[in-house]
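Need a 3D model of the sequence below.
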Amino acid sequence: MTSFVKPSRRQVVVLGGALGLSWLLPGGVWAQDTTAAPRADSAEADRIAAEFIGNAPLSPEGLALDLPALGDNPAAVPVRVHVTEEITDESFCEEIIILAERNPMPLACRMRFSAATGSADVAVRLRLIETMDVRALARMSDGRVLDARGAITVAAGGCGL
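Numbering: from 1, shown residues only. Okay, here's the model as predicted:
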(Lines give C-alpha, C1' and ligand atoms only; values in the text may rest on other atoms or scores of the structure.)
Protein backbone atom coordinates (compact mmCIF):
# COMPACT_ATOMS: atom_id res chain seq x y z
CA MET A 1 0.00 0.00 0.00
CA THR A 2 1.32 3.43 -0.94
CA SER A 3 1.42 6.03 1.78
CA PHE A 4 0.94 9.72 1.11
CA VAL A 5 2.91 12.29 3.09
CA LYS A 6 0.94 15.45 3.58
CA PRO A 7 3.12 18.55 2.91
CA SER A 8 3.20 21.27 5.50
CA ARG A 9 1.61 24.64 4.83
CA ARG A 10 5.09 26.21 4.64
CA GLN A 11 6.20 23.71 1.96
CA VAL A 12 3.09 24.44 -0.14
CA VAL A 13 3.61 28.22 0.13
CA VAL A 14 7.32 28.00 -0.77
CA LEU A 15 6.67 25.68 -3.73
CA GLY A 16 3.78 27.85 -4.99
CA GLY A 17 5.94 30.98 -4.75
CA ALA A 18 8.79 29.31 -6.60
CA LEU A 19 6.48 28.14 -9.39
CA GLY A 20 4.88 31.58 -9.64
CA LEU A 21 8.25 33.32 -9.94
CA SER A 22 9.45 30.87 -12.57
CA TRP A 23 6.84 32.31 -14.96
CA LEU A 24 8.51 35.71 -14.74
CA LEU A 25 11.99 34.46 -15.56
CA PRO A 26 13.39 34.61 -19.13
CA GLY A 27 11.62 32.02 -21.25
CA GLY A 28 8.63 31.98 -18.91
CA VAL A 29 5.07 32.60 -20.06
CA TRP A 30 4.99 36.25 -18.97
CA ALA A 31 8.47 37.14 -20.23
CA GLN A 32 7.67 37.54 -23.91
CA ASP A 33 9.81 39.40 -26.41
CA THR A 34 7.71 42.34 -27.62
CA THR A 35 10.25 43.23 -30.33
CA ALA A 36 9.76 39.93 -32.16
CA ALA A 37 7.86 39.73 -35.43
CA PRO A 38 4.09 39.07 -35.21
CA ARG A 39 3.24 35.42 -34.56
CA ALA A 40 0.57 35.18 -37.20
CA ASP A 41 -0.48 36.89 -40.39
CA SER A 42 -3.59 36.74 -42.53
CA ALA A 43 -2.10 34.53 -45.29
CA GLU A 44 -3.81 31.37 -44.00
CA ALA A 45 -7.13 33.21 -43.65
CA ASP A 46 -6.76 34.51 -47.21
CA ARG A 47 -6.12 30.96 -48.45
CA ILE A 48 -9.20 29.60 -46.64
CA ALA A 49 -11.35 32.46 -48.00
CA ALA A 50 -10.10 31.92 -51.56
CA GLU A 51 -10.85 28.20 -51.30
CA PHE A 52 -14.37 28.93 -49.96
CA ILE A 53 -15.10 31.56 -52.64
CA GLY A 54 -13.68 29.60 -55.57
CA ASN A 55 -14.95 31.16 -58.83
CA ALA A 56 -18.21 32.42 -57.32
CA PRO A 57 -19.18 36.08 -57.67
CA LEU A 58 -18.47 37.96 -54.42
CA SER A 59 -21.10 40.33 -53.04
CA PRO A 60 -20.38 42.82 -50.23
CA GLU A 61 -24.10 43.17 -49.47
CA GLY A 62 -26.64 40.81 -47.93
CA LEU A 63 -24.55 39.63 -44.98
CA ALA A 64 -24.29 41.43 -41.63
CA LEU A 65 -21.44 40.98 -39.16
CA ASP A 66 -22.06 42.33 -35.67
CA LEU A 67 -19.11 42.51 -33.30
CA PRO A 68 -17.97 44.98 -30.64
CA ALA A 69 -15.33 47.58 -31.49
CA LEU A 70 -13.45 46.65 -28.32
CA GLY A 71 -13.14 43.10 -27.05
CA ASP A 72 -12.65 43.56 -23.32
CA ASN A 73 -12.51 39.78 -22.86
CA PRO A 74 -10.48 38.41 -25.80
CA ALA A 75 -11.17 34.84 -24.68
CA ALA A 76 -14.89 35.24 -25.46
CA VAL A 77 -15.67 37.96 -28.03
CA PRO A 78 -19.35 37.88 -29.09
CA VAL A 79 -19.87 37.76 -32.86
CA ARG A 80 -23.13 37.50 -34.77
CA VAL A 81 -23.47 36.82 -38.50
CA HIS A 82 -26.79 36.84 -40.31
CA VAL A 83 -28.03 36.92 -43.88
CA THR A 84 -30.12 40.06 -44.38
CA GLU A 85 -31.62 38.95 -47.70
CA GLU A 86 -34.99 37.23 -47.81
CA ILE A 87 -34.60 33.46 -47.50
CA THR A 88 -36.74 31.44 -49.91
CA ASP A 89 -36.79 27.85 -51.14
CA GLU A 90 -34.94 29.03 -54.27
CA SER A 91 -32.48 31.37 -52.56
CA PHE A 92 -31.11 30.33 -49.19
CA CYS A 93 -27.79 30.23 -47.37
CA GLU A 94 -25.98 26.91 -47.66
CA GLU A 95 -22.94 27.64 -45.50
CA ILE A 96 -21.34 30.36 -43.35
CA ILE A 97 -17.73 30.52 -42.22
CA ILE A 98 -16.16 32.98 -39.78
CA LEU A 99 -12.44 33.80 -40.01
CA ALA A 100 -10.38 35.42 -37.25
CA GLU A 101 -7.71 36.56 -39.69
CA ARG A 102 -4.63 36.73 -37.41
CA ASN A 103 -5.33 33.78 -35.14
CA PRO A 104 -2.99 30.78 -35.51
CA MET A 105 -6.01 28.78 -36.71
CA PRO A 106 -8.13 31.43 -38.49
CA LEU A 107 -11.17 29.27 -39.34
CA ALA A 108 -13.20 29.99 -36.21
CA CYS A 109 -16.37 28.16 -37.22
CA ARG A 110 -18.34 26.70 -40.11
CA MET A 111 -22.11 26.21 -40.18
CA ARG A 112 -24.24 24.54 -42.84
CA PHE A 113 -27.89 25.27 -43.55
CA SER A 114 -30.72 23.99 -45.75
CA ALA A 115 -33.80 25.58 -47.27
CA ALA A 116 -35.79 24.21 -44.32
CA THR A 117 -33.69 26.19 -41.82
CA GLY A 118 -35.71 29.34 -42.50
CA SER A 119 -32.94 31.80 -41.64
CA ALA A 120 -29.18 31.95 -41.46
CA ASP A 121 -28.35 33.61 -38.15
CA VAL A 122 -25.31 32.55 -36.13
CA ALA A 123 -24.03 33.85 -32.79
CA VAL A 124 -20.68 32.61 -31.45
CA ARG A 125 -17.93 33.68 -29.09
CA LEU A 126 -14.44 33.85 -30.55
CA ARG A 127 -11.09 33.62 -28.82
CA LEU A 128 -8.78 36.22 -30.36
CA ILE A 129 -5.02 36.43 -30.04
CA GLU A 130 -4.68 40.15 -30.88
CA THR A 131 -6.36 43.11 -32.56
CA MET A 132 -7.51 41.94 -36.01
CA ASP A 133 -10.13 41.83 -38.72
CA VAL A 134 -12.91 39.26 -38.51
CA ARG A 135 -14.44 38.11 -41.78
CA ALA A 136 -17.63 36.21 -42.50
CA LEU A 137 -18.48 34.52 -45.80
CA ALA A 138 -21.83 32.98 -46.76
CA ARG A 139 -22.39 30.68 -49.74
CA MET A 140 -25.87 31.09 -51.21
CA SER A 141 -27.78 28.40 -53.10
CA ASP A 142 -27.67 30.48 -56.31
CA GLY A 143 -23.84 30.34 -56.33
CA ARG A 144 -23.07 33.80 -54.93
CA VAL A 145 -20.82 34.33 -51.92
CA LEU A 146 -21.68 37.13 -49.51
CA ASP A 147 -18.81 38.88 -47.70
CA ALA A 148 -18.72 40.96 -44.50
CA ARG A 149 -15.75 42.24 -42.50
CA GLY A 150 -15.22 44.04 -39.26
CA ALA A 151 -12.27 45.15 -37.14
CA ILE A 152 -11.95 44.51 -33.43
CA THR A 153 -9.45 45.80 -30.91
CA VAL A 154 -8.57 43.50 -28.04
CA ALA A 155 -6.82 44.51 -24.82
CA ALA A 156 -4.73 41.33 -24.46
CA GLY A 157 -4.59 38.06 -26.35
CA GLY A 158 -7.00 35.30 -25.47
CA CYS A 159 -5.11 32.53 -27.29
CA GLY A 160 -1.99 30.85 -26.07
CA LEU A 161 0.48 29.21 -28.39
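
Let me see the mean pLDDT of stretch 78-93.
Stretch 78-93 carries an average pLDDT of 92.

What is the distance between that stretch and the centre of its chain?
Relative to its chain's centre, stretch 78-93 lies at 21 Å (CA atoms, centre = their mean, to the nearest Å).

Could you do stretch 124-141 as well?
That offset, for stretch 124-141, works out to 6 Å (CA atoms, centre = their mean).

any idea of the mean pLDDT for that stretch?
Here stretch 124-141 scores 93 as its mean pLDDT.

what comes up buried for that stretch?
Along stretch 124-141, these residues count as buried under the neighbour rule (16 or more other CB atoms under 10 Å): 126-130, 132, 134-141. Every residue, glycine included, has its C-beta placed from N, CA and C.

okay, how far is it across that stretch, tip to tip?
The first and last residues of stretch 124-141 sit 23 Å apart, counting by CA to CA, to the nearest Å.

cool, and stretch 89-106?
32 Å.

ok so, going back, looking at the buried residues of stretch 124-141, which is nearest Pro74?
If you rank these by distance to Pro74 using CB to CB, Leu128 comes first, at 4.8 Å.
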